Structures are given as C-alpha cells and as structure tokens.
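Chemist: I'd like to go over a predicted model; first the sequence, then the structure.
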Amino acid sequence: MQRVEFRDLGLIDYKQAWDLQEKIFQQIISEKVKNRELLPEQQKKTPGYLLFCEHPHVFTLGKSGSVDNLLIDEKGLAEKNATYYKINRGGDITYHGPGQLVGYPILDLDNFFTDIHKYLRYLEEAIILTLAEYGIEAGRFPGYTGVWLEPENPEKARKICAMGVRCSRWVTMHGFAFNVNTSLDYFNLIVPCGIKDKDVTSMKKELNGDVDIIEVKNKLKSHLETLFHMALFD
C-alpha cells in the first residue's frame, strides 16, 4: 500500500496553490531522473501528495481551451472580485470559489499504475461514491471527463465535478473541482468546460441546503484511499 501525504490548505489563493503544486511536481520528477542513474537497490521511492483546498473566486483556462469562453472582461473580473489564469492543465475554462472542494493529487503513477485514463476514472469513481453516500446518484457522460447527474438524459444532464490534469513522466498535478456549497452564479460568467448546452450543479442545490464540507472531505478521502490502495497521512 502506498503512503501519500495529505495536506488541507484551507482557503488559499489560486496562484499560491499552483506554485506549491509546481514545486512538489518538479521535486518528484527530479527524484525520478536521479533514480535512473542509480542501481535499482540504490533508488529512492518517490513520495505522493494529496492537497485539498478552496480558492477565492478565480477562473482558469486549460491549454486546449478558448478564451472566448470567458464571458467578462477585466473590468467585470474586478467587479466580481475574481481573477483569471491561463494554466498548464488539460481541458477548457472552469471556475473555482469558496464552498468548492478542490483536490490536487500529485502522484507518481509509476507507484500505482501507468494508465492516465484509469487514473481519471478512479478520481471520478471516488466522487460518485461520495455523492452516493448523500443519496445523490451520479455517473459519467460519454465523451466528457468529470462527474455528472442524470447523464442518461442529455436535456437534464448537469456537471457536479470538473476535472483537468497535467501528467509528465507519469507524475500528475492539478485534479478535480467538486461543487459542494459552491455559488453557481459565477458559472454564468463562463461557458463551463466549453460546453454550451449543459448546466452545472452542486450538492447544496441538489440537497436544498448547505452540506458539511468537512464531512464530505473525509468521505472522499476514504474512497480515494480504497480505490488507489493508498494510506493518507497528515
């Protein structure tokens, strides 16, 4: 079983969390490069990390996204007290804000399995299993990464968790944005994930009330530990 360090960063500026991810990500890659020059018995096992946090209002655009999907200008961003970053993950534009549980697994998949599609499906499954504990049935929408409600009905399908990752030398960063108590109004300022005809939802909206986000974090951690066969430690 893999041991993975867990850190709850609380409410943290997006750029500050991104810089921390990059620092850890590069450290793990450097360790892998050093290992290649050593005999197998001399090599050090690379560490793994799982970061949870919430961000102040921010929009982020992935490498394959279009800035046209940001529907406000700089003045609008200032009025909404929001920031904007073009970043180095996959996917299009999304929103992060208070009440949203953001997860950044920084894992060396050589320690788990070298299959990025399986990695994404495991992240989705952990969210699906967590939602099931609250009586919310969720699943996958063919062709779209992330977790959806009523994906079998295209007219009612709505996304509750977006995902976008970066992977280099089998080391991951970025991750998922799970709408727990998120204000959904900010999603009206973008075309979420570049998908024009689908809505976004949250646990709060589906359950008609605020949800204990600490409880959600603990349930999600447990499912991630089981699926990835890992032990989290603080």
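Modeler: The structure has been received and is ready for your questions. Keep in mind it's a predicted model, so treat the numbers as computed, not measured.
Chemist: what about the residue minimising distance to the centre of the chain, distance to residue 162?
Modeler: The C-alpha lying nearest the average C-alpha coordinate of the chain belongs to residue 176 (CA atoms, centre = their mean; 1.2 Å). Between residue 176 and residue 162 the computed distance is 7 Å (CB to CB, to the nearest Å). Using the backbone N, CA and C atoms, a C-beta is placed for each residue, glycine as well.
Chemist: Quick check: neighbours shared by the two?
Modeler: Residues within reach of residue 176 and of residue 162 at once, by CB atoms under 8 Å, 6 or more residues apart in numbering, are residue 146.
Chemist: just the strands in the protein please.
Modeler: Assigned by DSSP state E, the chain shows strands spanning 2-11, 49-54, 58-61, 83-86, 93-96, 100-106, 138-141, 144-149, 158-168, 171-179, 199-200, 230-233.
Chemist: Can I get the fifth one as PDB, trimmed to CA atoms?
Modeler: These are the backbone C-alpha positions of strand 93-96, laid out as PDB (Å, rounded to 0.1, in the frame of the first residue of the first chain):
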ATOM      1  CA  ILE A  93     -12.300  27.000 -18.700                       C
ATOM      2  CA  THR A  94     -13.700  26.400 -15.200                       C
ATOM      3  CA  TYR A  95     -14.500  28.300 -12.000                       C
ATOM      4  CA  HIS A  96     -13.200  27.900  -8.500                       C
END
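Chemist: Paired strands for that strand, with orientation please.
Modeler: For strand 93-96, the paired strands and their directions (DSSP bridges) read strand 58-61 (antiparallel).
Chemist: repeat for the second one
Modeler: Strand 49-54 has the following sheet partners, assigned by DSSP bridges: strand 2-11 (parallel), strand 100-106 (antiparallel).
Chemist: what does the shortest one contact?
Modeler: By CB under 8 Å, 6+ apart, the surrounding residues in contact with strand 100-106 are 4, 17, 21, 24-25, 28, 48-55, 96, 123, 171-182, 213, 216-217, 220, 224.
Chemist: again, but for stretch 33-45
Modeler: Contacts made with stretch 33-45 from outside it, assessed by CB under 8 Å, 6+ apart, are listed as 31, 46, 111.
Chemist: tell me which residues in the lengthiest helix in the chain are buried?
Modeler: For the chain, the longest helix by residue count, based on DSSP state H, is helix 14-35. Judged by neighbour count (16 or more other CB atoms under 10 Å), helix 14-35 contains these buried residues: 14, 17, 18, 20, 21, 24, 25, 28, 29, 31, 32, 35.
Chemist: Any figure for the gap between the second one and residue 90?
Modeler: Taken as CB to CB, the spacing of residue 17 relative to residue 90 amounts to 18 Å.
Chemist: Repeat that for residue 28.
Modeler: Distance, residue 28 to residue 90, using CB to CB: 19 Å.
Chemist: before we move on, what about residue 138?
Modeler: Relative to residue 90, residue 138 is positioned 21 Å away (CB to CB).
Chemist: The two - which one has more neighbours?
Modeler: Neighbours were tallied for residue 138 and for residue 90 using other CB atoms under 10 Å; the higher tally belongs to residue 138 (23 against 17).
Chemist: quick one on the thing from earlier: quick check: of the buried residues of helix 14-35, which lies closest to residue 191?
Modeler: Within those, the smallest distance to residue 191 is 19.6 Å, found for residue 14 (CB to CB).
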